[in-house]
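K.L.:
Predicted structure and sequence below. I'll ask about it afterward.
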Amino acid sequence: MFILKTWRSVAFGIYGFKNFTKSGFLEHSKNFKAEDMQAQIEGKNCIVTGANSGIGFATAEGLASRGATVFMVCRNKEKGETALSQIRAATGNENVHLEICDISLTSDVKSFASRFSSKGLPVHILVNNAGLLENDRQTTSEGYEMNFAVNVLGTYAMTELMLPLLEKAAPDARVITVSSGGMYTAPLTEDLEFSGNKFNGVEQYARNKRVQVALTEKWAEMYKDKGVGFYSMHPGWAETPGVAKSLPGFSKSLEGKLRSKEEGADTVIWLALQPKEKLISGGFYFDRAEAPKHLALAGTNGSHASYIHSIAANLRALLSRL
Ligand SMILES: NC(=O)c1ccc[n+]([C@@H]2O[C@H](COP(=O)([O-])OP(=O)(O)OC[C@H]3O[C@@H](n4cnc5c(N)ncnc54)[C@H](OP(=O)(O)O)[C@@H]3O)[C@@H](O)[C@H]2O)c1
C-alpha cells in the first residue's frame, strides 16, 4: 500500500507539473477554438457557488460577461457584496445577484433551495465550485467533518435540491462540478469522514474530489432521461486565496508557475457554453477536453463501481435526516 500511495503521488506530481501549471495551459490553449467561447447566453439562469473568490469569481464574471443571469452563492455577505459590485461594474450586467448560503450546513442549503425555488425560475447551469481544503479536523455544527461537509455533502445537497429547477430548463440544463486533479491520488472509499486517527487534510480533500467525479458519473446515469448533463472538471493549479491559505508551501514553490483564476475557470465556462451534443454526461474535463479519471497503474480504476452505489445511498440518507 505504501508503494502504491507513493507511486500515485509521484505520478500525480510529474503529470501535474507538466499539465496543470500555467505553461500546461498555454500549451493546451494552442488547440483551443476562439469561437467556442463566443456564445452569448442571455436569459440563462446560472448558479455559481463560492462565487466571491478565485475560480468561482472568474466563472461568475465570465458567465455575466456573456449576458447570463448569475446567482452568486456565497457564505459571507460582506465578501459577497464586494464581489457582486465588482462583477456588475466589470461586465455592465445588472442581472447578477447575491444569495447567502453556508454550504457546509445541509439545513442552510435546504433553506436556500426552498427560497430559490419560490422564485419559480428554471436553472440552466449549476456550477458547484465552493470547496475547501481544511488541513485540521474540524466539525460543523451539524456534526460532520468540514472538508466532507462542503466538498461532498454540500455539493450533493445543492445538486439534488436544484434538480427540479434544472429539469425546468431541460433539455439544455447542466451541472458542472469543480473537482480537482488531486483526486488522481485517491481511490473512491466509503470512509467519507476520514475515520483514522491521523487526520490528513490533503488526503481527505483528494478523497472528496474523487467522490465528486464518481457522483457526477452516478448522476449522469440516474438522471439520463431528465435532460440534465453532469460534468466534473479540473481547473489546473491556479493561484487563488484558497490555495495560498491551504497549501502555502505548494503555492510558494510554484510561484509564477500557477494559472490565473481566469485560466482556472476557462474549462468551467467552456462546459457552460458548448452545445450539449458535444459533451459527454458523466465525463471529467480538463482544458476543454475529456480527461482520464485515473492515472496509469494507480490502482484507483475499480473503486467507482465498488463503492458509488453505497456512497450515494449514504448521502441520500444524510440529506433526508435534517
Ligand atoms: N485553485 C486551484 O489550483 C484548484 C485546483 C483544483 C481544484 N480547485 C477547486 O476549485 C474550487 C474553487 O477553489 P479556489 O482555488 O478558487 O479557492 P477559493 O479562492 O478559496 O474559493 C473557494 C470559494 O468557496 C467558498 N466556500 C468555501 N466554503 C464554503 C461554504 N461552507 N459555503 C459557501 N461557500 C464556501 C469560499 O468562500 P469564502 O471566501 O467565504 O471562504 C470561496 O468563495 C474548489 O472547489 C477547489 O477545490 C482549485
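P.N.:
Received it, and whenever you're ready, just let me know what you need.
K.L.:
what's the burial count for the residue in the stretch 151-300 of the chain positioned nearest to the ligand?
P.N.:
Shortest the stretch 151-300 of the chain-to-the ligand distance, computed as CB to the nearest ligand atom: residue-wise this is Gly242, at 2.4 Å. Heads up, the C-betas are built off the backbone N, CA and C, glycines and all. Under the neighbour criterion other CB atoms under 10 Å, Gly242 is assigned a count of 19.
K.L.:
what do you get for Phe250?
P.N.:
13.
K.L.:
returning to that earlier point: once you drop chain neighbours, what's closest to the residue of the stretch 151-300 of the chain closest to the ligand?
P.N.:
Gly54 (5.6 Å; CB to CB, 6 or more residues apart in numbering).
K.L.:
What of Ala265?
P.N.:
Sequence neighbours aside, Ala58 is the residue nearest to Ala265 in space, at 3.7 Å (criterion: CB to CB, 6+ apart).
K.L.:
Let me know the average pLDDT across stretch 194-212.
P.N.:
Along stretch 194-212, the predicted local confidence has a mean pLDDT of 96.
K.L.:
I meant to write stretch 238-245 there.
P.N.:
Mean per-residue pLDDT for stretch 238-245: 98.
K.L.:
Send me it as CSV with only the CA atoms.
P.N.:
Only the C-alpha atoms of stretch 238-245 are listed here, as CSV (Å, rounded to 0.1, in the frame of the first residue of the first chain):
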residue,chain,number,x,y,z
ALA,A,238,-4.5,28.2,-10.2
GLU,A,239,-3.3,31.0,-7.9
THR,A,240,-6.2,31.7,-5.6
PRO,A,241,-6.8,32.7,-2.0
GLY,A,242,-7.8,29.1,-1.2
VAL,A,243,-4.5,27.6,-2.5
ALA,A,244,-2.4,30.3,-0.7
LYS,A,245,-4.2,29.6,2.6
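K.L.:
Enumerate every residue touching the nearest residue to Lys257 once chain neighbours are set aside.
P.N.:
Here the nearest residue to Lys257 in space, its sequence neighbours aside, is Thr21; by CB to CB, 6+ apart that works out to 4.6 Å. Thr21 makes contact with 236-237, 254, 257-259 under the criterion CB atoms under 8 Å, 6 or more residues apart in numbering.
K.L.:
My guess is Leu192 contacts Ala312. True?
P.N.:
No. With the criterion set as CB atoms under 8 Å, Leu192 and Ala312 do not qualify as a contacting pair; they are 11.3 Å apart.
K.L.:
Brilliant, that's me finished.
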